[in-house]
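**Student:** turn this into a structure:
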Amino acid sequence: MVMLGDAEQAAFAQPTKPVPGQPDPHILPFAEKPNGEKKGPGDKNKKVTFPVSVDGCDHRYGTAGQCVPWTFPAGIKDKERCDWLGKRGLASLKLVGEDRLNLDRNRDGIACGKGD
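**Tutor:** Have a look, this model is predicted:
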């Protein structure tokens, strides 16, 4: 059983006095004698290239904000791709370049459009 008394009777922790002076820094042995090559920032003009499919999208289809998958989910056959895309709001996609996914069967420049 716990008994509670008046707030005036309660014991509170008293702050302790700080330790005088500062402790010496702890420097590990490897930091006392750094060795190795000193390097600066890299070449600002160096061109960095990424694979075309870095984000998983084939950007030859549709607009910049649309993502036609570079590879379709397992079980989606070639003839089902346009239906699968249409269910996700991707239909009548402008094609720029090669029709790698064979979505523009009538070769009118519009993938998954009429006649595809």
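**Student:** which residues of this structure fall in strands?
**Tutor:** With strands called from DSSP state E, the chain shows them at 93-94, 110-111.
**Student:** quick one: mean pLDDT for the last one?
**Tutor:** Okay, so that is strand 110-111. What strand 110-111 shows for mean pLDDT is 97.
**Student:** re the thing from before, closest to residue 80 out of the strands of the chain?
**Tutor:** With C-beta to C-beta as the measure, strand 110-111 is the member of those nearest residue 80 (14.2 Å). The way it works is simple: take the backbone N, C-alpha and C, and place the C-beta from them, glycine included.
**Student:** and the closest one, which strands flank it?
**Tutor:** Under the criterion DSSP bridges, strand 110-111 sits next to strand 93-94 (antiparallel) in its sheet.
**Student:** pLDDT (mean, whole number) over the strand it pairs with?
**Tutor:** On average, the pLDDT along strand 93-94 is 97.
**Student:** burial measure for residue 24, as a count.
**Tutor:** By other C-beta atoms under 10 Å, the residues close to residue 24 number 6.
**Student:** ok, now residue 84?
**Tutor:** By other C-beta under 10 Å, 16 other residues sit near residue 84.
**Student:** how about the lengthiest helix in the chain: buried residues?
**Tutor:** Taking DSSP state H as the criterion, the chain has its longest helix at helix 81-86. Judged by neighbour count (16 or more other C-beta atoms under 10 Å), helix 81-86 contains these buried residues: 81, 82, 84, 85.
**Student:** repeat that for stretch 59-78.
**Tutor:** 59, 60, 61, 62, 66, 68, 69, 70.
**Student:** pretty sure the fourth one is touching residue 91, no?
**Tutor:** No - no contact is recorded between residue 62 and residue 91 when judged using C-beta atoms under 8 Å, the distance being 9.6 Å.
**Student:** distance from stretch 61-72 to the middle of the chain?
**Tutor:** 17 Å (C-alpha atoms, centre = their mean, to the nearest Å).
**Student:** please read the previous query as pertaining to stretch 56-67.
**Tutor:** Relative to its parent chain, stretch 56-67 has a centroid offset of 17 Å by C-alpha atoms, centre = their mean.
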